[in-house]
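# Give me coordinates for this.
(3 chains)
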Amino acid sequence: MSYWNAASRRTERALAALLLYLLGAGPLTAQEAETNLFGSLQAIFFTQKSRITLNTPLPDGTTTLTEERNSFAIQQLDIFLQRQIDDNFSAFVDMEYQLNYSSEHRWGSMSLQEAWLQYSHSDAFNVKLGLLYPAFNHLNEIKNRLALLPYIFRPGVYERLLSNLYRSEDYIPEHAFVQLSGAVPSGDFFWDWAVYVGNAEDSYISRTDADGNIRQDMDRKFEFLSGVDPTNADLKLIGGRTGFRSRTEHFKVGLSFTHDYDNLRDTTRYPMFFTRPRAEFRGDARRMRLGADLSGSVGGVRFEGEFINVFYDYDLADQAGFDMNLTFAHGMLGYWFTDKLFTYGSAEFGTGTFDKGWSHSSLSFGASYLLNSAISAKAQFIVHEQRHDEDEDRAMLKFVFLGLSVLL
Amino acid sequence: MRNPALVTSSLLALLLALQGTPTAHAQDVGDMRVFGSMQSLFMHQYSYSEINIPEAQLSLQEKESRNSFAIQQLDFFFDKPIDDAFNAFVDLEFQLNYSSEKRWGSLSIQEAWLNYSYNDAVNLKVGLLFPAFNQYNEVKNRLAVLPFIFRPMVYERLLAQRFLTEDFIPEHAYVQFSGWIPTRNLMLDYAVYVGNSEASYITRNHPDGGIDTDLNPNFEFLSGVDPTDINLKLFGARIGLRSPGERFRGGLSFTRDANNMRERFGAQKPYFSEEAIRLMPDDAERYRFGLDLSHKHGDFLIEGEIIKVVYDLGKAERKLDLSLEQSFVYTLVGYELHERLFSFVSAQWGDYSFGLDADYFTGTAGIAWKWRDDITAKAQWVMYTERMENLVNDDGVRYGQNTRLHFILLGLSVLL
Amino acid sequence: MNIGRKIVHRAMLAALLLCAPLALRAQMVVITHASVPVKSISVRELLDVYTLNQSRWDDGTRITVVDVKSGKGRDAFFEYIGMSPEEMQRIWLRKQFTGKARPPRSVGSEEDVVDLVAATEGAIGYVNERALKSGKSVRIIARFK
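Coordinates of the predicted model:
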């Protein structure tokens, strides 16, 4: 090779390198802010067979009411925005639509589910500020992330479709506003911890009524904003979770705790099948929730379980000999037949709100199949029962769901 | 046989050509930018109200305090440059932990327009827009770029139930011509616009279905539209001067529209005689005059706005000498303690005299710390007072009411 | 003699060709940007990084995790850290959908991995050693087959 050729080859290489640099292949830094817009949607078809059996006949002599229905729906659509602002700060927003949302037709709902800023000092210490799902048991942080769950119909206390049947806000802390959390490595595990505070429960929060006036249950006089908490600091939510998680994420266990108050003035939203006269309590009942969660995978087998006990400390109820405490338990056992096909069975049990005679239970079987990395097809059969042991009334709902979940 | 010189010079030529090629990013023509901002807050509110009944020599007090977290506001912006002359913009706004299911807060389209820019002096904006009125009207909901958690009263949406902001400012318009023209050492800003009648005229959905309107309900089948004819529409303009570097801004604003007196009347009939009620127009012509000034001197910022609103009450004014006027004055002194730390104090007055006699005062002080380029931490103390005299209850008893609201607000503003 | 050498040479060549698949399957490496303050990494640490549980290096630099979309190298890597690609995908999705972490940057080829890791402070990826190019400044912190 002549000198000229070698020199020219060096020149070419240098020019080519410079070209590449100018074309934007210059050094990238992790500090560059990125905004990611993504989402998920779940479309469903379901059949519902409902049956109520009454021990005491209705005035016309009826003891059994039945109904059958079928429906298509967009069960849920979420738009997420995530922004990594710099090495320490990130922001996240979750905008959620449910059930064919239309403001014109008054169908479904639309809401901000999460909107927070996180400061991350290290993996062991993070501070999240804004509207957030607090860490409680296994499912609370991901309760609306249907794309991540094999379910169409989630475990009862997390299932928004059941929110008129029993009050989820009694069992789980739905939102918080400040959370400190972290994961500390410890041998083969991480020790997870989280503590948080938030507003009082949703039923306290002021709302706009049909006439455009602002209402709340506390008989406060200075109401001019909806969506804000009219209570003082003593009724606010505080809570935390501590747990262990294997490094392979094959095993997770935890204990959760919250302290807040139950708004007993809210007389407009009893559970749907509640028929007995309600005990005459009004006021703020101190409430503590204790949760335990266990989940893991062994080979292709997946198991998940949660237990929630809700304790009330309320003098009037104690004096009347009325037990307000609530219980909920859920277990799921599933198996990955292939990398794409997951099947499961689950069972749950819970006691009713306001009336100890009421209890509810569900049995469910289902499957989800990953059509590709963004689409999964789901099927689920559920029998949900509510019964009153004393009155011997029963309500049974049977569902067959078919669903399609898509990552956007 | 390869010609090294040819290869080298080709590469050089390509290099030079590429020197001018901008790095591709979302602002490129044809790319839509999606971005946003959110402000979350913690609020402590102490409220005090005193009702005085002179006839009964009675005075009643109410006190209350509360604390709340909230997402004060979250905006999604969509900005699309279509070509060199056209661009489109949308602002979707969520307020106060919005949930349709729980009936919290609100969700609305605040802006959605197409702009044609012939040059800096001539721009035409068509669509739902914030018109140019005084200094803050065009940026009233851009909390991420304002030092406030609680904005000047007439712009503060948190007060919408207590303070009728649509009387003081033109909330939206639909067609705006605007531009700026260099003149010697200053820039002359101008804007003229037209829009619908005020929000209280616009048809709305009735809770039981159907369409609600204060006007003729016989031909109503759409909500969100203006059922009035042209003479009640909004017309307005602003003319101003701005120094290069924007250290000085000043302007005069004007609007003409109509006030929906039916809504106001329902609440205020006890204050007027039957003859006055008979003579009062259902639609009163309204004229707003605005003055805004802003001056940055060193690290100090001084700004202020004055708004005067006058109404033509027609025969009621001519025959009975009735008048309706409203005023608002806003002043602010700010100081940049540090390039990332801004502090301010502000005083604001508003009044409303029509049958009842009401005035409002807000005193506020705060700081805004730019923690990062995209994150601002804010703290603000606010004292808001209302004084109302000559109120009348259902039994015809006259009374006065003074209300005082103290807020301590901590906020975090994030650009998304 | 010459025939003997030719036979030996041909036999060696044949052996080499037969071994070529083994050579192709051979050396995988874990690479980082030159600035990363890590000289070697254990399987456990690698697992923490790729499950997005460890988000920073010891000097506080944020870790950018790079993954390749498909290929034998990907399968070998996940086998090395003891996870299936589908399990990892589920973990990444969960972290992304709860805002806890960004998912790894996924690129089309191992050459792209090298380019991205070389150009991004704090980045880590895995490639077949043969994909490393001269002139690309990356650090090898682990080897596996």
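
# Residue 67 - how many residues pack around it?
Using chain A here. 10 (other C-beta atoms under 10 Å in any protein chain shown). All C-beta atoms are positioned from the backbone trio N, CA, C, and that covers glycine.

# Chain C was what I was after
21.

# got it, and residue C:52?
21.

# pLDDT score for the closest residue to residue A:326 other than its chain neighbours?
Spatial nearest neighbour of residue A:326, excluding adjacent residues (C-beta to C-beta, 6 or more residues apart in numbering or on different chains): residue A:310 at 4.0 Å. pLDDT, residue A:310: 95.

# Output the set of residues of chain C in proximity to chain A.
Residues of chain C lying close to chain A (C-beta under 8 Å from any C-beta of the partner chain) are C:44, C:47-48, C:51, C:53-56, C:60-64, C:82-84, C:86-87, C:89-91, C:93-94, C:96-99, C:102, C:115, C:119-123.

# In ChimeraX, how would I select the buried members of these?
Typed into ChimeraX, the next command selects the buried ones out of these (criterion: 16 or more other C-beta atoms under 10 Å in any protein chain shown):
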select /C:47,48,51,53,54,55,56,61,62,63,64,83,87,89,91,93,94,96,97,98,99,102,115,119,120,121,122,123
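
# Residue A:156 versus the nearest residue to residue B:412 once chain neighbours are set aside, what's the distance?
Leaving aside its chain neighbours, residue B:412 sits nearest to residue B:40 (5.3 Å; criterion: C-beta to C-beta, 6+ apart). Separation of residue B:40 from residue A:156 (C-beta to C-beta, to the nearest Å): 31 Å.

# Neighbour count: the two, which is higher?
residue B:40 (25 against 22).

# Enumerate every residue touching the more buried one.
A:115-117, A:129-131, A:177, B:69-72, B:411-412 (C-beta atoms under 8 Å, 6 or more residues apart in numbering or on different chains).

# Surely it is in a helix?
No - read with DSSP: H, G, I helix; E, B strand; the rest coil, residue B:40 is strand and lies in no helix.

# State the distance from it to residue A:251.
Applying C-beta to C-beta to residue B:40 and residue A:251 gives a distance of 35 Å.

# Look at residue B:138 and give its secondary structure.
Going by three-state DSSP: residue B:138 is helix.

# Can you report how many residues neighbour the spatially closest residue to it that is not a sequence neighbour?
The shortest distance from residue B:138 to any non-neighbouring residue, by C-beta to C-beta, 6+ apart, is to residue B:130 (4.8 Å). The number of residues packed near residue B:130 is 24, by other C-beta under 10 Å.

# Find me the pLDDT at residue 114, would you?
You didn't say which chain, so I picked chain A. pLDDT, read off for residue A:114, is 97.

# that answer is for a different chain, and I need it for chain C
Looking at residue C:114 specifically, the model assigns a pLDDT of 94.

# which intervals of chain B have sub-threshold pLDDT?
In the predicted model of chain B, residues B:1-30, B:216-217, B:263-270, B:353, B:355 satisfy pLDDT under 70.

# those helices in chain C, which residues are they?
C:2-24, C:43-50, C:72-81, C:85-97, C:110-119 (DSSP state H).

# tell me the most buried of these?
helix C:110-119 (a mean of 21; mean count of other C-beta atoms under 10 Å in any protein chain shown).

# Based on its surroundings, how many neighbours for residue B:116?
The burial count for residue B:116: 13, using other C-beta under 10 Å.

# coming back round to it: pull the contacting residues for the residue nearest to residue B:138.
Contacts here follow C-beta under 8 Å, 6+ apart; on that basis residue B:130 touches B:110, B:111, B:137, B:138, B:139, B:140, B:141, B:171, B:172, B:173.

# Now for those residues, which sits with the most neighbours around it?
residue B:173 (27 neighbours).

# partners of that residue in the sheet?
residue B:129 (DSSP bridges).

# contacting residues around it?
B:129, B:130, B:131, B:193, B:194, B:195, B:234, B:236.

# Look up how far residue A:113 lies from the spatially most central residue of chain A.
The centroid of chain A falls nearest to residue A:143 when counting by C-alpha atoms, centre = their mean (2.3 Å). As judged by C-beta to C-beta, residue A:143 and residue A:113 stand 9 Å apart.

# now what about stretch B:328-335, what contacts it?
B:147, B:152-154, B:168, B:299-307, B:342-350.

# Report the spatially closest residue to the residue in chain C that chain A sits nearest to, excluding sequence-adjacent ones.
In chain C, the residue that lies nearest chain A is residue C:99 (3.3 Å; C-beta to the nearest C-beta). Nearest residue to residue C:99, sequence neighbours excluded (C-beta to C-beta, 6+ apart): residue A:92, at 3.3 Å.
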